[in-house]
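> My questions are about this predicted structure, shown below with the sequence.
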2 protein chains.
Amino acid sequence: MRKASVTIKEIARLLEISKSTVSRALRDSSEISEETKKRVIDLAESLHYSPNPIALSLLKNRTQTIGVIVPDIANRFYSSTIGGIEDIAYSRGYHTMIYQSHELLEREVSATRHIAQRRVDGLVVAISSESENMDHFIELQEQGIPVVLFDRVLDTLQTHKVRVDDYKGSFEATEHLILQGCQRIAHIAGPKRVSITRNRLDGYKDALAKHGIEFQEEWVLHSPITQEGGTERTYQLMALRNRPDAIFGASDRITMGVHWALRQLGYKMPDDVAVIGFCDLGMSSLMDPPISSVTQPSFEMGQQATSLLLDLIESKNTPASYETRVLPSNLVIQKSSLKA
Amino acid sequence: MRKASVTIKEIARLLEISKSTVSRALRDSSEISEETKKRVIDLAESLHYSPNPIALSLLKNRTQTIGVIVPDIANRFYSSTIGGIEDIAYSRGYHTMIYQSHELLEREVSATRHIAQRRVDGLVVAISSESENMDHFIELQEQGIPVVLFDRVLDTLQTHKVRVDDYKGSFEATEHLILQGCQRIAHIAGPKRVSITRNRLDGYKDALAKHGIEFQEEWVLHSPITQEGGTERTYQLMALRNRPDAIFGASDRITMGVHWALRQLGYKMPDDVAVIGFCDLGMSSLMDPPISSVTQPSFEMGQQATSLLLDLIESKNTPASYETRVLPSNLVIQKSSLKA
DNA sequence: CTGAAAGCGCTTACAG
DNA sequence: CTGAAAGCGCTTACAG
C-alpha cells in the first residue's frame, strides 16, 4: 500500500556510487568532491529525498520528540502554554506528543509510561491536581529521560521548574480589593494539595494581614477547577450570615462560576460584590461586567520550560543544580472590581 | 547520558540463547518450547523489557502514529474533537501528533510536510479557512498516506469525510427563530469559501423561503471566526435603518461577539433581538442570558474520522469508494431566543 | 525446537 | 576522495 520512499541506497544505485558517499555528500561532508556532492544533491532534490527519521532515531537513540502532559488541552491556559512549547520545540527541530491527564493521577502515570515506551527525548509536565507522588517521573529520570515541571510544581522532583509568582499575584489582587474598600474578602481556592493553591492562599492571607484585616476561616473554600465548583462555593459564601463584599477566585473556571452565580443571585458587581480571579483575559473581557484578573504569561511559560528541557536533553552531563524560574503575573483591573 | 534500554540482545546474552529465540518467545510463537518461553518472559519482565518501537517502525515501515491538523486547539470544538481522535487512536494502538494551522494555508502545508517527513501512517484534518487547494494532501495520498477530512470538507479531495449536517442545523435554528415570531433575521456567516459557510447559509435561506420571508442581502454578513468579527458585524447590523430582530451566528466565537455587542448597545435578548449560534454549550450556558445553540457532536466526529482513517491504514487495498458521514446536530434552546 | 543470516535506512570508524 | 563493513534493535524466512 504505502509507496516506498526514496532511500540513500536508491540514489547510490542510480549514481553508481556507494551509500557511504551519498550519505556524506548529503551531509555536505568536506571529504567529498564538489562534483560528486552536486550530482548527489541534485538527484536527491529531484527525487524529493528526505532522510528517514526512524533510521536516524534508531542510530542515535534519539527521537527528536518531546512529550507534553497537561491536565486539559481545552483549558485556554494550557492551550496557550502548548503554543509556547511548540514554538520552541519546532524551532529547535523537535516534535511534540501531547497527552491530557484530565486531572487524574492514573492517566498521568499511564501517559508517562506510554511516552517513555515511545522513547521520547524528554518530558514537559503540568502535573494533575491528584499528583503528590512523583515516582513515575523519577523512574523516567532514572532512565535518563529528563523531565521539566511547569505551572504546578512539587518539591519532591529534582529538576528544572517554571512557575508563576502566584504568591505575589494573589497578594496584589487581594490588596487591590482592599484598596477598593472591600473588607470582607472571600477566597475560593483550588484543590488543597496543589502547590499553587497554597501559594495563592498565602498571598491572600498576607495581604489581609498587612492591612490589618482579620483572616476568617469561613471565607476560604476549596474547589475543583471547574465552573460548577465556583458557582456552588459562591452560593455557599453568599448564604453566610456575614456575607463577603468581594470574592477572589483562584482560577479562571472558578471565577466564571462566581460571576455566573452572582448574576443569578441578583448581586451587582462590583458594588455588592467585587470580583477578581486568576483568569484568561480573552474570556474575562467578554463577560459583563468584564472580570479583573491576575494574568499569567502562559505562552512564555511553555517556551521557558521547553528551552530548559531541550538544554537538559542536549547537554552531555547532569547540571550541577536545577533552576526554578518564577515568572511575574500581571494585574489587569476591569470593571468587576473597580468601584466608582 | 541516556541509559541504554534493555534489548533482546541483552536478554539473549543473559540466557545464553539466540536473539531469534528471544524474539519468538516474546511474541509467544508456537515454535518455542514452553520452558524457554517462560525463562525469556520472566527475565524480560524482571528487566522491564519493552520492545523498541523505533526498531519496529523501521522494520514495518509503520510508525503507529497519526497526524492531526486543526485550525486551533484552544477552540473548544476542536479540543473536544481531539479528545475523540485520541480515544480511538489510543485504543487501537496509535499515537497522535497534533498540529495547528491557525487558519493559514501556509502553516497547514508546512505541517503536512512536517508530518509526512515524520512518516506518520495517516492524517486526520479539519482544513483551514484559507484552504481551497488540496494539492498538499493529494501528494500525501500519492505516497500512500491516507488522509481523512472532518468538520470542514472539500469535494476536491477524494477520501472519507465526516461532517455535521450544517444545512439542517442551520435550517432548524432559523425556523426556530421564525416560530418565535422573528421576522427580520440576520445571519453572520463564516468565511466565504468554506463549505460549512455555504451549507449554513443555504439552510438559513431555505428556512426563510419555506415561511415566505423575503431574503435580504443586507442581513447576511461574512466574518472571520472570531469574537471581534461577531462584535463588529453586530454593530453594522444594528446600525441599519431596518434593523434585525434576530441574529443567527455561524460559530461560537462569532456568537459570543454578537452577545457582547448587543449588551454593549443596550439591547435585551431575546426581546429586542433573539440570538442563536452554532455554539459550544459549556460556554454559552454561562452567558447571561444563556445562548441557544446548534450543538455539534464534536467528540464523536473525532472518533468517526479516526476510525475511518485507521481502517484505511490497516486495509490492504484502496476502498472501492469513499464515504461521507453526516452527523446530526442538535438544537438546544435557551433564554437568548425564547420569547415569553 | 533453535540458531545464523539478511535486512529495514542510515552513519561512521577504518582502509585504501 | 571513495568504498566495504559494522551496527542501531528488531523480525523472519531459511536451515538444521
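That came through, no problem.
> From here on, just use CA atoms for contacts and neighbour counts.
Fine.
> For chain A, just list every one of the helices.
Per DSSP state H, chain A carries helices over the ranges A:8-15, A:19-26, A:34-46, A:53-60, A:76-91, A:105-117, A:135-142, A:166-179, A:195-210, A:227-238, A:252-265, A:281-286, A:298-314.
> any chance of those in JSON lines, plus mean pLDDT and distance to chain B?
Below are those laid out as JSON lines (pLDDT from 0 to 100; distance: least, C-alpha to the nearest C-alpha, whole Å):
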{"stretch": "helix A:8-15", "mean pLDDT": "88", "distance to chain B": "15"}
{"stretch": "helix A:19-26", "mean pLDDT": "89", "distance to chain B": "16"}
{"stretch": "helix A:34-46", "mean pLDDT": "87", "distance to chain B": "14"}
{"stretch": "helix A:53-60", "mean pLDDT": "90", "distance to chain B": "6"}
{"stretch": "helix A:76-91", "mean pLDDT": "90", "distance to chain B": "5"}
{"stretch": "helix A:105-117", "mean pLDDT": "89", "distance to chain B": "7"}
{"stretch": "helix A:135-142", "mean pLDDT": "91", "distance to chain B": "8"}
{"stretch": "helix A:166-179", "mean pLDDT": "96", "distance to chain B": "23"}
{"stretch": "helix A:195-210", "mean pLDDT": "93", "distance to chain B": "23"}
{"stretch": "helix A:227-238", "mean pLDDT": "94", "distance to chain B": "9"}
{"stretch": "helix A:252-265", "mean pLDDT": "90", "distance to chain B": "6"}
{"stretch": "helix A:281-286", "mean pLDDT": "70", "distance to chain B": "6"}
{"stretch": "helix A:298-314", "mean pLDDT": "95", "distance to chain B": "9"}
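> Those helices into a markdown table, with extra columns for distance to DNA strand C and mean neighbour count?
Below are those laid out as a markdown table (distance: least, C-alpha to the nearest atom of the strand, whole Å; neighbours: other C-alpha atoms under 10 Å in any protein chain shown):
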| stretch | distance to DNA strand C | mean neighbour count |
| --- | --- | --- |
| helix A:8-15 | 4 | 16 |
| helix A:19-26 | 4 | 18 |
| helix A:34-46 | 10 | 15 |
| helix A:53-60 | 4 | 16 |
| helix A:76-91 | 19 | 21 |
| helix A:105-117 | 19 | 18 |
| helix A:135-142 | 25 | 16 |
| helix A:166-179 | 45 | 23 |
| helix A:195-210 | 43 | 20 |
| helix A:227-238 | 51 | 21 |
| helix A:252-265 | 48 | 23 |
| helix A:281-286 | 45 | 17 |
| helix A:298-314 | 15 | 22 |
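> want to try TSV for those, with distance to B:Ser128 as columns?
Listed next are those as TSV, based on distance: least, C-alpha to C-alpha, whole Å:
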stretch	distance to B:Ser128
helix A:8-15	35
helix A:19-26	34
helix A:34-46	29
helix A:53-60	27
helix A:76-91	17
helix A:105-117	29
helix A:135-142	37
helix A:166-179	37
helix A:195-210	37
helix A:227-238	31
helix A:252-265	29
helix A:281-286	22
helix A:298-314	22
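> Figure out how far stretch A:149-160 is from the centre of its chain.
Centroid separation for stretch A:149-160 versus its chain: 12 Å, with C-alpha atoms, centre = their mean, to the nearest Å.
> Does chain B have contacts with it?
No: Stretch A:149-160 stays out of contact with chain B when judged by C-alpha under 8 Å from any C-alpha of the partner chain, the minimum separation being 15.3 Å.
> Give me the distance between the two termini of that stretch.
End-to-end distance for stretch A:149-160, by C-alpha to C-alpha, to the nearest Å: 7 Å.
> Residues in contact with that stretch: which ones?
With C-alpha atoms under 8 Å, 6 or more residues apart in numbering or on different chains as the test, stretch A:149-160 has contacts from A:124-127, A:132, A:134, A:137-138, A:147-148, A:161-164, A:194-196, A:301-302, A:305, A:308-309, A:322-325.
> of those residues, list those near DNA strand D.
The subset of these lying close to DNA strand D, counting by C-alpha under 7 Å from any atom of the strand, is empty.
> Start and end of stretch A:46-57, how far apart?
End-to-end distance for stretch A:46-57, by C-alpha to C-alpha: 25 Å.
> Does at least one residue of that stretch sit close to DNA strand D?
Yes: looking at stretch A:46-57 against DNA strand D by C-alpha under 7 Å from any atom of the strand, the contacts come from A:Ala55.
> Out of the helices of chain A, which is closest to B:Glu218?
Nearest of the helices of chain A to B:Glu218, taken as C-alpha to C-alpha: helix A:281-286 at 26.6 Å.
> Let me see the contact set for A:Gln64.
Shown in contact with A:Gln64 (C-alpha under 8 Å, 6+ apart): A:57, A:93-95, A:120-121.
> again, only using 10 Å
The neighbourhood of A:Gln64, defined by C-alpha atoms under 10 Å, 6 or more residues apart in numbering or on different chains, consists of A:53, A:56-57, A:89-90, A:92-96, A:119-122, A:310, A:313.
> now do A:His136
A:108-113.
> if we can go back for a sec, to B:Pro270, which of the helices of chain A lies closest?
Nearest of the helices of chain A to B:Pro270, taken as C-alpha to C-alpha: helix A:252-265 at 17.4 Å.
> which other helices and strands contact that closest one?
Applying 3 or more C-alpha pairs under 10 Å, 6 or more residues apart in numbering or on different chains; DSSP states H and E, one finds that helix A:252-265 makes contact with strand A:185-189, helix A:227-238, strand A:246-249, strand A:274-277, helix A:281-286, strand A:292-295, helix B:281-286.
> count of neighbours near whichever residue of the stretch 51-200 of chain A sits closest to chain B?
Here the stretch 51-200 of chain A gets closest to chain B at one residue, A:Gly144, 4.3 Å apart by C-alpha to the nearest C-alpha. For A:Gly144, the neighbour count with other C-alpha atoms under 10 Å in any protein chain shown is 18.
> you'd agree it is up against A:Asp121?
Yes: counting by C-alpha atoms under 10 Å, A:Asp121 is a contact partner of A:Gly144 at 8.8 Å.
> okay, now the domains of chain A?
Domain assignment for chain A by automatic domain parsing gives A:8-51, A:59-164+A:298-326, A:166-296+A:331-337.
> So what would you say the end-to-end distance of the last one is?
Think domain A:166-296+A:331-337. Domain A:166-296+A:331-337 has its terminal residues 19 Å apart, counting by C-alpha to C-alpha.
> How far away from the center of its chain is that domain?
In terms of C-alpha atoms, centre = their mean, the centre of domain A:166-296+A:331-337 is found 22 Å from the chain centre.
> measure A:Asn133 to DNA strand D for me?
Distance from A:Asn133 to DNA strand D, counting by C-alpha to the nearest atom of the strand, to the nearest Å: 29 Å.
> Test my guess that that residue contacts A:Leu105.
Yes: A:Asn133 is within contact range of A:Leu105, at 8.7 Å (criterion: C-alpha under 10 Å).
> so what's A:Ala261 closest to, chain neighbours aside?
Distances taken as C-alpha to C-alpha, 6 or more residues apart in numbering or on different chains put A:Thr231 closest to A:Ala261, at 5.1 Å, once the chain neighbours are dropped.
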